[in-house]
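Peer 1: structure of the sequence below:
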Amino acid sequence: MTFPVVLVGAEFEENLSLRYLASALAQDGVDAVLMPFNDPAQSEAVVREIGARDPLVVGISVPFQLRAREFLGLAQALRASGCRAHLTVGGHFATFEYDNILRDFPAIDSVVRHEGELTFRELVRRVRAGEDVEGLAGAVTRGPHGITDGGKRRLPPLDDLPFPDRRGAPHDVMGVPTSPIVGSRGCYADCSFCCIYAYAENADGARYRRRSPENVAAEMRREYEERGVRLFIFHDDNFFVPSAQKNIERYARLKELLDAAGMAGIGLVIKCRPNDVDAELFALLRSMGLIRAYVGIETNSDEGIVSLNRRITSADNRRALAVLERLGVYRSYNVLIFDPEATLEGVARNLDFMEEFSDVPFNFCRAEVYAGTPLKTILAGQGRLKGDYFAWSYAMRDPRVELLFRIAATAFAARNFKHDGVANLNLGIRFDGEVMRHFFPECSDPAWQARLVDFSRRVGRHSVALMREAHAFVSAADIYDQASVKAFAVDLARRVARADLGFVTECKALRREMERRILGRAGRRLATTYGRGMPPWAAESLRLGSSVGLELSTEALPAPSAV
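Peer 2: Numbers count the residues shown, from 1 in each chain. I've put the predicted structure just below:
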């Protein structure tokens, strides 16, 4: 059977961007094939399968710079194999880098910019009808007259879009059927490093759009009744507007709708900015089943708050974590301790914050440069931007901070950036513990919870302690003495690695004990579909999307020998 459209993208969990496109095509009676491409090793198999289907259109999602070469290379491989389809790419990266993509990858026929439901649907319509796609609004196309930019397409109201295609069984976390969902797109904030802000700001429409509570509740009810979903992971980049009262009104209405639908016993996961954490609001969300909030701390240093345009205060950061602790909501965060204007004093302040809240799982890294962001424009204007459109980089203004970053990137590469590194294991084991506590309360107890918190605290404090040693070294050392710098970095990396062996072993043991508790006390059999093919304790990095893990780094980390 020949399928007219194939949609290719990463799908460790349900890829909502592709699944929204599939639903949009279904409105025209087009049956799209969803084809996961999770690893470069799958390239040949994906090319063969697409070739066997002989589609009219192949859409490839290229959301991040991290894997852009792989996905664009897949398009080249498809064309080289004899694929006759119209090859189009989309996503954040493609939205901004369309000129470079169409110049360097002749296999690609078009780029769909910004949100693609309407544009891609019309593109497929035209290709099926044998019509020219030149001048298509929302796309940049290659044709007989060269490269044509069709201009931007107005973003539609989110309630007008069909729910995403939910074919297949839902993933699960600790045996709980789980569904990713979005109630909004974009973000009201304008942080200088954020690709989400840049993407939404560049589109033709409001920077931040929300679905109605009625529309969100209807999708949740369908998932609850038809697929048995009980855990809803909201991938909204920001779950709130900057008004506590409006947020309370919105989620009180959503609660009313969910209660009326009889949707008892559900769990919610969200992301938020620190300034939006309000005690009354989060008490309401807690009553609705909120079990986890990723808090976008990002930085606690004075210069970081300014240079990253965070529009928050250090007091906001502390208050947010304190409110969530009082309400018993599991929280996690990330700290961009390195940014273009970072100082040694600012790094020290961030380390103080990380130590103060070491019982809260966290990760730390550098503010990276993404296409279209104000940070990229600023660094380019200052002559500090390095690299190319696949991997922009920069040096920090203070050479001692730059050296500290390189040492940290070497020593903590595995701990902070591997999907099964200790930082992500820490995030994952705590989240799995919260899922157990919420859905299988008979399997948890205060002593067990204290063990999980203690594990997080020891991991956090160990990272801070070693970073303080590195901070002290670069503060006093001759930073141009390559031999001593290399010796220190290698020794630090070895110490991190030795400690990680113990942390990984302990984390695995905690995970096995959780499984035994659920199997023994709750009488439940665990199905492990989340992050298929990966260790179950490593799945949290996938659940967090771009918040932590490899997605934060747009360039290869330096090897120890390069320091």
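Peer 1: hey, let's count contacts and neighbours off CA atoms from now on
Peer 2: Noted.
Peer 1: who are the packing partners of whichever helix or strand Phe503 is part of?
Peer 2: Using DSSP states H and E, the element containing Phe503 is helix 482-517. Applying 3 or more CA pairs under 8 Å, 6 or more residues apart in numbering; DSSP states H and E, we find helix 482-517 packed against helix 399-411, helix 413-417, helix 422-439.
Peer 1: now the longest one and helix 482-517, what's the angle there?
Peer 2: Using axes from the mean of the first three to the mean of the last three CA atoms, to 10 degrees, one finds that helix 422-439 and helix 482-517 are set 20 degrees apart in direction.
Peer 1: pull the residues that contact helix 422-439.
Peer 2: 173-174, 176, 265, 267, 291-292, 330, 332, 361-363, 414-418, 443-444, 449, 452-453, 455-456, 459, 500, 503-504, 507, 510-511, 514, 518, 537-541, 549 (CA atoms under 8 Å, 6 or more residues apart in numbering).
Peer 1: which secondary element of the protein has the worst mean pLDDT?
Peer 2: Here the helix or strand of the chain ranked lowest by mean pLDDT, DSSP states H and E is helix 540-543, holding a mean of 36.
Peer 1: any low-confidence regions in this structure?
Peer 2: By pLDDT under 70, the weakly predicted segments of the chain are 1-3, 521-563.
Peer 1: contact partners for Phe390?
Peer 2: Counting by CA under 8 Å, 6+ apart, Phe390 touches 65-66, 68-69, 554.
Peer 1: same question, Lys386
Peer 2: The contact partners of Lys386, by CA under 8 Å, 6+ apart, come to 392-394.
Peer 1: report the separation between Met396 and Leu379.
Peer 2: 10 Å (CA to CA, to the nearest Å).
Peer 1: Phe357 too?
Peer 2: 32 Å.
Peer 1: likewise for Ile312?
Peer 2: Distance, Ile312 to Leu379, by CA to CA: 22 Å.
Peer 1: now Gly304
Peer 2: Gly304 sits 15 Å away from Leu379, going by CA to CA.
Peer 1: compare those two (neighbour count), which wins?
Peer 2: Gly304 (24 against 17; other CA atoms under 10 Å).
Peer 1: so that one sits in a helix?
Peer 2: Yes: counting by DSSP: H, G, I helix; E, B strand; the rest coil, Gly304 is found in a helix.
Peer 1: wait, what's in contact with it?
Peer 2: Counting by CA under 8 Å, 6+ apart, Gly304 touches 310, 337, 339, 341-342, 346.
Peer 1: so which of those sit within helices?
Peer 2: Counting by DSSP state H, the contacts of Gly304 place Gly346 in helices.
Peer 1: what about Ala10, distance to Arg154?
Peer 2: Distance of Ala10 to Arg154, computed by CA to CA: 27 Å.
Peer 1: so which of the two has more stuff around it?
Peer 2: Remark: of Ala10 and Arg154, Ala10 carries more neighbours, 19 against 16, as counted by other CA under 10 Å.
Peer 1: for the more buried one, give me its contacts.
Peer 2: For Ala10, the contact set (CA under 8 Å, 6+ apart) comprises 36-38, 61.
Peer 1: what do you get if the cut-off is 10 Å, keeping everything else the same?
Peer 2: For Ala10, the contacting residues are 18, 35-39, 60-63, 67, 71, by CA atoms under 10 Å, 6 or more residues apart in numbering.
Peer 1: and these, which is closest to Tyr251?
Peer 2: Lowest distance from Tyr251 to those (CA to CA) belongs to Leu18, with 27.4 Å.
Peer 1: so what does the helix or strand containing the closest one touch, helix or strand wise?
Peer 2: Assigned by DSSP H and E, Leu18 belongs to helix 16-26. The criterion is 3 or more CA pairs under 10 Å, 6 or more residues apart in numbering; DSSP states H and E, and the helices and strands that helix 16-26 contacts are strand 5-9, strand 32-36, strand 57-61, helix 117-129.
Peer 1: what do you get if the cut-off is 6 Å, keeping everything else the same?
Peer 2: On a contact count with 3 or more CA pairs under 6 Å, 6 or more residues apart in numbering; DSSP states H and E, helix 16-26 meets helix 117-129.
Peer 1: the helix it packs on: how far from the chain's middle?
Peer 2: Relative to the centre of its chain, helix 117-129 is centred 28 Å away, using CA atoms, centre = their mean, to the nearest Å.
Peer 1: list the neighbouring strands of the helix or strand just after it plus their orientation.
Peer 2: Remark: after helix 117-129, the chain's next helix or strand is strand 139-143, criterion DSSP H and E. When sheet partners are counted by DSSP bridges, strand 139-143 sits next to strand 110-112 (antiparallel), strand 146-149 (antiparallel).
Peer 1: what residues of the longest one count as buried?
Peer 2: Taking 16 or more other CA atoms under 10 Å as the neighbour-count basis, strand 146-149 is seen to contain the buried residues 147-149.
Peer 1: now, which of those sits nearest Val140?
Peer 2: Nearest member of the buried residues of strand 146-149 to Val140, counting by CA to CA, is Asp149, at 4.3 Å.
Peer 1: how close does the closest residue to that closest one other than its chain neighbours sit to Ile147?
Peer 2: Once flanking residues are discounted, Asp149 sits nearest to Val140: 4.3 Å by CA to CA, 6 or more residues apart in numbering. According to CA to CA, Val140 and Ile147 sit 7 Å apart.
Peer 1: one more: Cys187?
Peer 2: Taking CA to CA, one finds Cys187 at 31 Å from Ile147.
Peer 1: can you say which of the contacts of helix 422-439 are buried?
Peer 2: Buried among the contacts of helix 422-439 by 16+ other CA under 10 Å: 173-174, 176, 267, 291-292, 330, 332, 361-363, 414-418, 443-444, 452-453, 455-456, 459, 500, 503-504, 507, 510-511, 514, 518, 537-541, 549.
Peer 1: looking at the strands paired with strand 139-143, which is nearest to Tyr208?
Peer 2: Nearest of the strands paired with strand 139-143 (CA to CA): strand 110-112, 20.0 Å.
Peer 1: all helices of the stretch 51-200 of the chain, in order?
Peer 2: Assigned by DSSP state H, counting those that start in this stretch, the helices in the stretch 51-200 of the chain fall at 68-80, 92-96, 98-104, 117-129, 195-202.
Peer 1: about what we covered before: just put the strands paired with strand 139-143 in a markdown table and tack on distance to Phe431.
Peer 2: Listed next are these as a markdown table, based on distance: least, CA to CA, whole Å:
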| stretch | distance to Phe431 |
| --- | --- |
| strand 110-112 | 36 |
| strand 146-149 | 45 |
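Peer 1: closest one to Arg222 among those strands?
Peer 2: Comparing the strands paired with strand 139-143 by CA to CA, strand 110-112 comes nearest, at 29.8 Å.
Peer 1: buried ones in the closest one?
Peer 2: Neighbour counts over strand 110-112 (16+ other CA under 10 Å) mark 110-112 as buried.
Peer 1: can you tell me what sits against it?
Peer 2: Residues outside strand 110-112 that contact it (CA atoms under 6 Å, 6 or more residues apart in numbering) are 88-90, 139-142.
Peer 1: ok so, going back, contacting residues for the residue nearest to Asp149?
Peer 2: 110-111, 148-150.
Peer 1: just curious, which of these is nearest to Tyr197?
Peer 2: Of all the contacts of Val140, the one with the least separation from Tyr197 (CA to CA) is Val111, at 20.1 Å.
Peer 1: cool, thanks, signing off.
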